[in-house]
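**Q** I would like the atomic coordinates for the input below:
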Amino acid sequence: MKNFNAGTYINQGTFKSFFPEEINRQWELDDIEVINLLSKADRQLGRLDMYSEYTPNIDLFISMHVLKEATKSSKIEGTKTNIEEALQDKEELSEEKRDDWEEVQNYITALNKAINSLKDLPFSSRLIKITHKVLLQGVRGKHKIPGQFRTSQNWIGGASLSDATFIPPPFSEVNRLMSDLEKFAHNNEYIFPDLLKIALIHYQFETIHPFLDGNGRIGRLLITLYLVEKGILKSPILYLSDFFERNRELYYTNLTSVRESNNISQWFKFFLVGIIETAKNSIETFDNIMKLQKEVDEKLQNLGSRANNARTVVNHLYVRPLINVQKVAKITELSTPSAYKLVSELEELQIIKEITGAKRGKQYWFEDYIQLFR
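**A** Here you go, the predicted model:
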């Protein structure tokens, strides 16, 4: 963009912190490569949104998209919980895995609450703070004022301010900068493409680093919130954390490049490539889900009068692809012996697969479905 200035480093005595320029202003886009990628990204998002509109029971599949996002976004921050572990109950995991598991569960809760809150609250600092409070509730970081902007200096990388990789602006600047970010998000006076708007908002948010902890996860979550609030996506089905995690070095390098050399165009290109690739992958996932649905439905026809109860179980598995006999009995209202028989039949049809190898307390995966999100 013409005349883009990210900000300046200002001496704070023993260290220099970065003061970003405000972004709520008119921008002129003059990079033809960015414009070309923007066109492709808009086209792919349009295709994805169409899939969400015409895919039957789309809400069944959103929870697995959210779970994948939670594991990938948390992985960038160092947690090691995978999809299979995230689906299990806390008691089923070893002690050393439980803290990471709790952080992923908090992310899922925070994202779902944020999406639901959009019905009553706009994309705003208030919504961001509410989401942040849920994210850090009862986990590592719970003492770092969840739900409140920081009241002390933070830093990225290094053991202290003295050897930090990046030092955001002082806490005294956070409210002003976040207010500017919020105004930019809702400013209809200055015309600027929404995908570039949220790319710039994400960069600015990570640069402000308004919280003492959880900034990365909240910043990535904001992308989906913005796309849903603006009506670009009718359902929350696009998440960039998988792309960012697979290209982690480029993700950090491109953010740093904006601050160091005002290279916002390169960040825009990286972000738009992420939108394009992620939208294509999501479309492929929906295609494969519909194929799997058809295959499973054909298998269920062999169950005759028990097919309806089996479909109830399978619809549950699309939301949470891990189940046991007790859960089957509860959701179908069958007796325990009948639930055992139904589970056995679903296993014979190779719809579910037992994973514990135990005689009691058996757990079953909807393996083919989980594979689509790995």
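**Q** and the top helix by length along the chain, what does it pack onto?
**A** The longest helix of the chain (DSSP state H) is helix 264-300. Other helices and strands packing on helix 264-300, by 3 or more Cβ pairs under 8 Å, 6 or more residues apart in numbering; DSSP states H and E, are helix 32-54, helix 58-76, helix 194-208, helix 241-246, helix 248-261, helix 307-319, helix 367-371. Every C-beta, even on glycine, is put in place using the N, C-alpha and C of the backbone.
**Q** Select from those helices the stretch with the lowest mean pLDDT.
**A** Out of the helices and strands packed on helix 264-300, helix 58-76 stands lowest, with a mean of 88 (criterion: mean pLDDT).
**Q** Going along the chain from that helix, find the next helix or strand for me.
**A** Counting by DSSP states H and E, the next helix or strand C-terminal to helix 58-76 is helix 83-87.
**Q** Could I get the buried residue list for that next one?
**A** 83, 85, 86, 87 (16 or more other Cβ atoms under 10 Å).
**Q** May I see those organised as a markdown table, with distance to residue 12 and pLDDT added?
**A** Rendered in a markdown table, the data for the buried residues of helix 83-87 read as follows (distance: Cβ to Cβ, whole Å; pLDDT from 0 to 100):
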| residue | distance to residue 12 | pLDDT |
| --- | --- | --- |
| 83 | 43 | 89 |
| 85 | 42 | 88 |
| 86 | 40 | 88 |
| 87 | 46 | 88 |
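**Q** Find the residue ranges of this protein scoring beneath the pLDDT cut-off.
**A** Residues of the chain meeting the criterion pLDDT under 70: 358.
**Q** Find the centremost residue of it, please.
**A** residue 69 (3.8 Å; Cα atoms, centre = their mean).
**Q** Please report the distance of it from residue 331.
**A** Distance of residue 69 to residue 331, computed by Cβ to Cβ, to the nearest Å: 26 Å.
**Q** now residue 266
**A** Using Cβ to Cβ, residue 266 is found at 50 Å from residue 331.
**Q** what separates residue 53 from residue 132, distance-wise?
**A** Distance, residue 53 to residue 132, using Cβ to Cβ: 31 Å.
**Q** ok, the two, which is more surrounded?
**A** Higher neighbour count among residue 53 and residue 132: residue 132, with 27 against 10, using other Cβ atoms under 10 Å.
**Q** So what touches the host helix or strand of that one?
**A** Assigned by DSSP H and E, residue 132 falls within helix 125-135. Residues from elsewhere that reach helix 125-135 (Cβ atoms under 8 Å, 6 or more residues apart in numbering): 106-107, 109-111, 113-114, 117-118, 121, 146-149, 178-179, 182, 210-211, 214, 217-218, 221-222, 225.
**Q** got the angle for that helix vs helix 194-208?
**A** 60 degrees (axes from the mean of the first three to the mean of the last three Cα atoms, to 10 degrees).
**Q** Could you write out the alpha-carbon coordinates of helix 125-135 in PDB?
**A** Output in PDB follows, covering the C-alpha atoms of helix 125-135 (Å, rounded to 0.1, in the frame of the first residue of the first chain):
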ATOM      1  CA  SER A 125     -12.800  -5.000  22.300                       C
ATOM      2  CA  ARG A 126     -15.700  -6.000  24.600                       C
ATOM      3  CA  LEU A 127     -16.200  -9.300  22.600                       C
ATOM      4  CA  ILE A 128     -12.400  -9.800  22.500                       C
ATOM      5  CA  LYS A 129     -12.100  -9.500  26.300                       C
ATOM      6  CA  ILE A 130     -15.000 -11.800  27.000                       C
ATOM      7  CA  THR A 131     -13.400 -14.400  24.700                       C
ATOM      8  CA  HIS A 132     -10.000 -14.000  26.300                       C
ATOM      9  CA  LYS A 133     -11.500 -14.500  29.800                       C
ATOM     10  CA  VAL A 134     -12.900 -17.900  28.700                       C
ATOM     11  CA  LEU A 135      -9.700 -18.900  27.000                       C
END
